[in-house]
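**Student:** Structure for this input, please:
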Amino acid sequence: MSKHGRILVAMSGGIDSSLAAVMLHEQGYEVIGMTMKTWDYASSGGTKKETGCCSLDSINDARNIAVNLGFPHYILDIREEFGDAVINHFTGEYLEGRTPNPCVMCNTHIKWDALLRRADRLDCESIATGHYAHIRTENGRHIISKGVDTLKDQSYVLWGVSQESLSRTKLPLGHLRKSEIRDMATDRGFMELVTKSESYEICFVPDNDYRGFLKRRVPGLETEVAGGNFIQEGTGKVLGKHDGYPFYTIGQRKGLGMAFGQPMFVTEIRKDTNEVVLGVDTDLYRDGMIVSKLNLQKYDRINGPLETVTKVRYKHDGTPATISQTADDRIEVRFHEGVSAIAPGQAAVFYEGNDVIGGGWIMKSFRQEADATPSEIASAFA
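**Tutor:** Here you go, the predicted structure:
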């Protein structure tokens, strides 16, 4: 009989999830390893060699850890679930003129749900992953909190995990730094993990060519959307023709295909008219945004204005902001200073200290108008 019970550990084959399994095994848990096959890159039509969490090498690396330590390991094929929830969303968001975040979608709608269903079938009380974050409990609520290693903290991508799922989740790496994980792997003789390169690409677009992926995914798209206008911010002047609105993102400077005499950035994407608005660096700044499709962790509702640090993308340091919940599924954010390149479709995550208050999807951003009230701004995006 195990010391702490049976636990299902998501193992990608990388050093972090592998060491999470090793640590739990050493602590006396009855570990079962599971590697999820989310995507077969060959089916996307790409040319780069398959790498990352879905590759045969990664699956074998995860299995070798399990074999060495003597616990079971299974491969879970969730390509159909992944395609329906993540890839269709990814494609659909670009077609709507937004910039998707597939990693958050995968964590929220695929990995946790899929793992917990299999955990139930295998009589596992809980699941674990190799994310650098904490889970703590306060006032009966389960809260994601930042990991100790600020350079590796992954709390941002976990805002969408439900209370029920968090109640059954363990994150054993939250109190450790990456350097300590490498030392632990070295001490245990897992040098292949220490020297293994890490992938930061989208798993189903490993060549980072999302334009090519969209063209292969949606036959005829390139012809259908080509020839729209680049529009100048503020003046509405036509600056030239572009390749199609789905192939651009807010904040983009390179790859516009034209020279303008000064650095120009994508400031807005207008799907309905197939227009891409360009401006200078200062045109990218916004004073606030509307966030919807919420998942709150620390509180069940935001009562009154709340001071937070709000992140608008994974690598964003965060900006002080006041948030107000204006409806059951709507938060209005007012930044204390302007934030650049806010992209609809990305996740906004609200922090109170190290704790994740919650998050949602960015619907619209706005500039503060001196004579506009919060309700007027909110109603404009209804």
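**Student:** Next, count neighbours for the residue lying closest to Glu81 once chain neighbours are set aside.
**Tutor:** Nearest residue to Glu81, sequence neighbours excluded (CB to CB, 6 or more residues apart in numbering): Ile110, at 5.9 Å. The C-beta positions use only the backbone N, C-alpha and C, and glycine is treated the same way. Using other CB atoms under 10 Å, Ile110 has 19 other residues around it.
**Student:** OK, contacts around the nearest residue to Asn274 once chain neighbours are set aside?
**Tutor:** Using CB to CB, 6+ apart and skipping residues adjacent in sequence, the residue nearest Asn274 is Gly228, 3.4 Å away. Counting by CB atoms under 8 Å, 6 or more residues apart in numbering, Gly228 makes contact with Lys241, His242, Gly244, Tyr245, Thr273, Asn274, Glu275, Val276.
**Student:** Which residues are in contact with the second one?
**Tutor:** His242 is in contact with Gly227, Gly228, Asn229, Phe230, Tyr248, Leu256, Gly257, Val276, counting by CB under 8 Å, 6+ apart.
**Student:** and the closest residue to the first one other than its chain neighbours, what is it in contact with?
**Tutor:** Pointing back at Gly227 there. In space, and not counting its chain neighbours, Gly227 is closest to Lys241: 5.5 Å by CB to CB, 6+ apart. For Lys241, the contact set (CB under 8 Å, 6+ apart) comprises Gly227, Gly228, Asn229, Phe230.
**Student:** Report pLDDT for Lys241.
**Tutor:** If you check Lys241, the pLDDT there is 96.
**Student:** Just the buried subset of the contacts of Lys241, written out for PyMOL, thanks.
**Tutor:** Those of the contacts of Lys241 that count as buried under 16 or more other CB atoms under 10 Å are selected in PyMOL with:
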select buried, resi 228+229+230
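**Student:** Identify those among the contacts of Lys241 that sit within strands.
**Tutor:** Applying DSSP state E to those, the entries found in strands are Asn229, Phe230.
**Student:** Take the contacts of Lys241 and write them to JSON lines, including pLDDT.
**Tutor:** Converted to JSON lines, those look like this (pLDDT from 0 to 100):
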{"residue": "Gly227", "pLDDT": "93"}
{"residue": "Gly228", "pLDDT": "96"}
{"residue": "Asn229", "pLDDT": "97"}
{"residue": "Phe230", "pLDDT": "97"}
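**Student:** Quick check: mean pLDDT of stretch 265-276?
**Tutor:** 97.
**Student:** Other residues contacting it?
**Tutor:** 95-98, 225, 227-231, 233, 242, 244-245, 248-253, 256, 277-281, 283-284, 341.
**Student:** before we move on, the earlier item: from the contacts of Gly228, which is closest to Ser162?
**Tutor:** Tyr245 (33.6 Å; CB to CB).
**Student:** okay but the closest one is in contact with Gly97, surely?
**Tutor:** Yes: at 5.6 Å, Tyr245 counts as touching Gly97 under the criterion of CB atoms under 8 Å.
**Student:** Now name the helix or strand holding Ile143.
**Tutor:** Ile143 belongs to strand 141-146 when assigned by DSSP states H and E.
**Student:** Have a look at the chain and report its longest helix.
**Tutor:** For the chain, the helix that runs over the most residues, judged by DSSP state H, is helix 56-69.
**Student:** Can you report how many residues lie near Asp120?
**Tutor:** By other CB under 10 Å, 12 other residues sit near Asp120.
**Student:** Let me see the backbone angles for it.
**Tutor:** phi -60, psi -40 (degrees, to the nearest 10).
**Student:** how far away is Leu95 from His89?
**Tutor:** 11 Å (CB to CB, to the nearest Å).
**Student:** count of residues packed around Glu352?
**Tutor:** Neighbour tally, Glu352, other CB under 10 Å: 15.
**Student:** So what pairs up with it in the strands?
**Tutor:** Legend: beta-bridge partners of Glu352 under DSSP bridges are Asp355.
**Student:** could you pull out the helices for the stretch 101-250 of the chain?
**Tutor:** 102-106, 112-121, 163-166, 178-187, 191-194, 210-217, 221-225 (DSSP state H, counting those that start in this stretch).
**Student:** Buried ones in the second one, by neighbour count?
**Tutor:** Buried residues in helix 112-121, counting neighbours by 16+ other CB under 10 Å, are found at Trp112, Asp113, Ala114, Leu115, Leu116, Arg118, Ala119.
**Student:** elements contacting that helix?
**Tutor:** Here helix 112-121 touches strand 6-10, strand 30-37, strand 73-77, strand 126-128, helix 163-166, going by 3 or more CB pairs under 8 Å, 6 or more residues apart in numbering; DSSP states H and E.
**Student:** Make JSON lines out of these and add distance to Phe366, mean pLDDT and mean neighbour count.
**Tutor:** Output for the helices and strands packed on helix 112-121, formatted as JSON lines (distance: least, CB to CB, whole Å; pLDDT from 0 to 100; neighbours: other CB atoms under 10 Å):
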{"stretch": "strand 6-10", "distance to Phe366": "39", "mean pLDDT": "97", "mean neighbour count": "24"}
{"stretch": "strand 30-37", "distance to Phe366": "39", "mean pLDDT": "95", "mean neighbour count": "23"}
{"stretch": "strand 73-77", "distance to Phe366": "43", "mean pLDDT": "93", "mean neighbour count": "15"}
{"stretch": "strand 126-128", "distance to Phe366": "39", "mean pLDDT": "97", "mean neighbour count": "22"}
{"stretch": "helix 163-166", "distance to Phe366": "31", "mean pLDDT": "96", "mean neighbour count": "16"}
